[in-house]
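Trainee: pasted the sequence and its predicted model underneath.
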Amino acid sequence: MSYRFSQIPVDVPFVSTKHRTIKTAIPASETLSVLLEQEKYESHSMHGQLPVVWDKAEDFQVYDKCGNCWIDFTSTIFVANAGHSNPRIVDALRKAIDKKLLHTYTYAHEARSLFLKKLIESTPSQFEKAFLLSAGTEATECAVKLMRMHGQEIHPSKVGIVSFEGAMHGRTMAAEMLKGKQGKLTWVGHDDPNIYHLPFPYPWDEKGLSRSECDWEQCFEDNIDKLKSSGLDFENIAGFIIESYLGWGAIFYPKDYIKAIAKFAKKHNCLVTFDEIQGGFGRSGKLFVYEHYNVEPDMLCLGKSLSGSLPLSAVIGSKKIMDLPGIGSMSSTHSANPLCCVAGLANLEAIESENLVEESARKGVILHKRLNELKNKYSNRISWVLGKGLVAGLLFKDPATGKPDVLFPSRVCEKAMQKGLLLVHTGRESIKIGPPLTISDEALVEGLDVLEESIEELS
């Protein structure tokens, strides 16, 4: 994400609609001191997003202190599925703060028990226990440990982990290694010889043409056989970790490819873990993305929208798997923080009571219909529209060459910001869309109108 948005205020047309307000230059001059101080005291790596200084966020709208208001198509990168500052979550946190219990290390507390019970009862029956953490990357690292522990119960060499090139599982050491060569950072320093990578099964070939006629089961078999030819013993695979869709473009796997993985895993007694950190809790129109593939994974990694607000992540699985570590061997200082558990419980209750999974599926029809209309209208610019439910990826190409265009999506994000719409800037040839699942139909359509205006003005 190397594109740098300008912090120089630009005079833009004022906007005043039911859902958007732009009444200053953008970025607002009054907020520049905040941006500059953050640059002064915070790592440079944190400054690749749009120069909006958030002051308040409610439901699907974001406000700065100058009176500007944006429709949010980011959900703070898919955290606020239940809406920003969901009243149920805010009320629960207010009561918890008044109770004066902010931290307990790993000691028991009521909120922890209530949240764990609700989490397990809200998920399919194969998930019986959880391990709570803070960040998504901790959850994926934990899943790798558990898959290897399970493998070593079978035989000591069964520690191989298979992931996909380009998948995003976090920014800690093992999570970075799971990415493979694509996007690998030099600081990693070495490769874990027991982590193996399959090419991601993109819906297009190297020429950008559709692979709609591909035999995806055979494709998986060919790919896994290449790993065998390079020296991998299938019986040494402990498990597969699968980002439920490729995050940067909302690129889902072909269903038959995932089914082939599940069949292989059963044959060779290895586990299948879905990383649902970005896609879980209704984002795709189902509670979890893996349900689109008609398979039954052994473990899930959860985060982001697990709490809808505060840092909370988890790994869930069967009792047999989750009880593999010895007592105290995988504890964490901030695991099951009282406030995070309170927020998590209220969030799960909100998703359930407000029928947000069903709402995501319904509103997703509106979203994808309109995006495909945009693709047809701007076929020289938009190469693919991908996703399900209320997650979508628009992939852009250079009209002259047909090759992926990294710059144009960044310019669209900037233009939309100036008009009162926040989009997910990926730093790649894509724009990602993921509004809170609570967004009204009217606001969703208005945001899509702004997206179209932005593309039109820049084309």
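Mentor: Nice, I can see it.

Trainee: and Phe240, which helix or strand is it part of?
Mentor: For Phe240, the element it lies in under DSSP states H and E is strand 237-243.

Trainee: for that strand, name the packing helices and strands.
Mentor: Judged by 3 or more CB pairs under 8 Å, 6 or more residues apart in numbering; DSSP states H and E, the packing partners of strand 237-243 are helix 136-154, strand 160-164, helix 255-267, strand 271-275. (Glycine included, C-beta is placed from N, CA and C.)

Trainee: give me the pLDDT for Lys184.
Mentor: On the pLDDT scale, Lys184 is placed at 57.

Trainee: and for Tyr3?
Mentor: Reading off the model, Tyr3 has pLDDT 78.

Trainee: what residues does it make contact with?
Mentor: When contacts are counted by CB atoms under 8 Å, 6 or more residues apart in numbering, Tyr3 touches Gly48, Val406, Leu407, Ser410, His425, Gly427.

Trainee: in TSV: those residues, plus distance to Ala443, neighbour count and pLDDT.
Mentor: As requested, the contacts of Tyr3 are exported to TSV (distance: CB to CB, whole Å; neighbours: other CB atoms under 10 Å; pLDDT from 0 to 100):
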residue	distance to Ala443	neighbour count	pLDDT
Gly48	26	15	81
Val406	29	16	95
Leu407	29	11	96
Ser410	24	24	96
His425	20	23	94
Gly427	26	14	91
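
Trainee: quick one: which of those residues is nearest Ile120?
Mentor: The shortest approach to Ile120 among the contacts of Tyr3 belongs to His425, at 35.8 Å (CB to CB).

Trainee: can I assume Thr106 sits in a helix?
Mentor: No. Membership of Thr106 in a helix is not supported by DSSP: H, G, I helix; E, B strand; the rest coil, which gives coil.

Trainee: which residues touch it?
Mentor: Applying CB under 8 Å, 6+ apart, we find Thr106 in contact with Ser331, Ser332, Ser335, Ala336.

Trainee: try 7 Å this time
Mentor: Listed by CB atoms under 7 Å, 6 or more residues apart in numbering, the contact partners of Thr106 are Ser331, Ser335.

Trainee: that one and Glu414: what is the separation?
Mentor: Per CB to CB, to the nearest Å, Thr106 is found 45 Å from Glu414.

Trainee: from Leu371, how far off is Glu352?
Mentor: For Glu352, the distance to Leu371 - CB to CB - is 28 Å.

Trainee: ok, now Val144?
Mentor: From Val144 to Leu371 the distance is 35 Å (CB to CB).

Trainee: which of those two has more neighbours?
Mentor: Taking other CB atoms under 10 Å, Val144 and Leu371 do not tie; Val144 has more neighbours (27 against 21).

Trainee: how about the more buried one: what's its closest non-neighbour residue?
Mentor: Ala174 (5.3 Å; CB to CB, 6 or more residues apart in numbering).

Trainee: host element of that neighbour?
Mentor: Short version, using DSSP H and E: Ala174 is in helix 173-178.

Trainee: what's in contact with that helix?
Mentor: Residues from elsewhere that reach helix 173-178 (CB under 7 Å, 6+ apart): 137, 140-141, 144, 163, 167, 169, 185, 188, 191-192, 195, 241.

Trainee: and those, which of them are buried?
Mentor: Thr137, Thr140, Glu141, Val144, Ser163, Ala167, His169, Ile195, Ile241 (16 or more other CB atoms under 10 Å).

Trainee: let's have those residues in CSV, adding distance to Leu300 and pLDDT.
Mentor: Converted to CSV, those look like this (distance: CB to CB, whole Å; pLDDT from 0 to 100):
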residue, distance to Leu300, pLDDT
Thr137, 15, 95
Thr140, 11, 97
Glu141, 15, 96
Val144, 14, 97
Ser163, 15, 96
Ala167, 15, 91
His169, 13, 92
Ile195, 20, 94
Ile241, 11, 98
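
Trainee: how about the strand holding Phe240 as CSV, C-alpha atoms only?
Mentor: The C-alpha trace of strand 237-243 is given here as CSV (Å, rounded to 0.1, in the frame of the first residue of the first chain):
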residue,chain,number,x,y,z
ILE,A,237,0.7,-32.6,6.3
ALA,A,238,-0.9,-31.5,9.6
GLY,A,239,-3.4,-29.2,8.0
PHE,A,240,-4.6,-26.6,5.5
ILE,A,241,-5.2,-23.0,6.5
ILE,A,242,-7.5,-21.2,4.0
GLU,A,243,-8.4,-17.5,4.0
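
Trainee: who touches that strand?
Mentor: Residues outside strand 237-243 that contact it (CB under 7 Å, 6+ apart) are 140, 143-144, 147-148, 150-151, 158-164, 167-169, 178, 261, 265, 268, 270-275.

Trainee: good, we can wrap up now.
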